[in-house]
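> let's see this in three dimensions:
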Amino acid sequence: MVAQAMQVMDEGYLAQDYYHRLKALIPLEERAETFAYDTYSWTEHISRKWGQWYASPEELLEQLARRGFEITLNKPSEKE
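Here you go, the predicted model:
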């Protein structure tokens, strides 16, 4: 359900050319840009906002867990 809601948001913002009209692409701090305005959507924008507000993901993960979202960061094993 969350993925579907995010897709609806992404499609809506892209269809409106929302971030392009506002010139609201948040610059990346430590890696090369991989998005242009035609692919920069709500999900990417929000991810960048939250990523810059919190130095560590732990506080955000704790807040999400308190609201019923259990998110784990699983790394693939070397066999995969």
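> for the top helix by length along the chain, buried residues please.
Ranked by number of residues, the top helix in the chain under DSSP state H is helix 2-16. Neighbour counts over helix 2-16 (16 or more other CB atoms under 10 Å) mark 10, 13-14 as buried. All C-beta atoms are positioned from the backbone trio N, CA, C, and that covers glycine.
> repeat that for stretch 52-71.
For stretch 52-71, using 16+ other CB under 10 Å, the buried residues are L61.
> residues in contact with it: which ones?
Stretch 52-71 is contacted from outside by 2, 26, 29, 50, 73, using CB atoms under 8 Å, 6 or more residues apart in numbering.
> re earlier: residues in contact with the very next helix or strand once past the longest helix of the chain?
Next helix or strand after helix 2-16 toward the C-terminus (DSSP states H and E): helix 18-22. Residues from elsewhere that reach helix 18-22 (CB under 8 Å, 6+ apart): 13, 24-25, 37-38, 40-41, 45.
> how near is the spatially most central residue of the chain to R21?
Of all residues in the chain, the one closest to the mean position by CA atoms, centre = their mean is S47, 2.6 Å from it. As for S47, its distance to R21 is 20 Å (criterion: CB to CB, to the nearest Å).
> just the pLDDT for Y13.
Turning to Y13, the model gives it a pLDDT of 96.
> my error: substitute H45 in the last question.
Looking at H45, its pLDDT reads 95.
> what number of residues lie near it?
Using other CB atoms under 10 Å, H45 is surrounded by 19 other residues.
> could you pull up the residues touching E11?
Neighbouring residues of E11 by CB under 8 Å, 6+ apart: S41.
> cool, thanks, talk later.
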